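structure, please.
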Amino acid sequence: MSDLDEIRQRRMAELQAQQAAMQNQQQQAAVQAQQQEAQRQQFEAQKKQLLGQIMTSEARARLSNLKLTKPELVEQIEIQLIQSAQAGSLRGKVTDEQLKVLLRNIAGQKREIKITRK
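Numbers count the residues shown, from 1 in each chain. Predicted coordinates:
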């Protein structure tokens with residue numbers, strides 16, 4: 001009977017060690033996810049601050065309204081505006097009219113797909 005008890009105790013110790021290792025991995029993953037979320041929030045705050053400096057309030061309002069329907073397009077425009085500002089190619093703040101022109105240019109670049117049935 002003592003051999004059986006020893007085997008049970010060893011197996012119980014192995015299972016406890018495995019469980020502790022899994023909990024440690026889960027804690028590390030949770031910490032990493034929190035760090036990534038904090039970095040993302042910091043990036044978004046910096047982006048918002050930069051856009052506030054280079055755009056008028058009307059243009060920011062138009063962009064935020066458009067973000068509800070086309071978030072990928074807005075992300076592309078925001079990055080383009082920030083890069084232009086960092087390169088020094090922007091003169092003054094981007095107005096609503098300038099943003100409309102930029103939106104038309106980007107929308108015109110997309111391919112139009114036509115399907116014809118025979």
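
flag every buried residue along the helix or strand where Gln76 lies.
Assigned by DSSP states H and E, Gln76 falls within helix 71-87. Neighbour counts over helix 71-87 (16 or more other C-beta atoms under 10 Å) mark Leu73, Val74, Ile77, Glu78, Leu81, Ile82, Ala85 as buried. (C-beta placed from N, C-alpha, C; glycine too.)

residues in contact with it?
Applying C-beta atoms under 8 Å, 6 or more residues apart in numbering, the external contacts of helix 71-87 come out as 47, 50-51, 53-55, 63, 66-67, 90, 94, 99, 102-103, 106-107.

any quick PyMOL command for the buried ones out of those?
Selection of buried members from the contacts of helix 71-87 for PyMOL, criterion 16+ other C-beta under 10 Å:
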select buried, resi 51+54+55+63+90+94+99+102+103
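
dump the buried residues of helix 71-87 to JSON lines, plus distance to Gln41 and pLDDT.
Converted to JSON lines, the buried residues of helix 71-87 look like this (distance: C-beta to C-beta, whole Å; pLDDT from 0 to 100):
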{"residue": "Leu73", "distance to Gln41": "22", "pLDDT": "87"}
{"residue": "Val74", "distance to Gln41": "18", "pLDDT": "90"}
{"residue": "Ile77", "distance to Gln41": "21", "pLDDT": "89"}
{"residue": "Glu78", "distance to Gln41": "16", "pLDDT": "90"}
{"residue": "Leu81", "distance to Gln41": "20", "pLDDT": "89"}
{"residue": "Ile82", "distance to Gln41": "17", "pLDDT": "89"}
{"residue": "Ala85", "distance to Gln41": "22", "pLDDT": "87"}
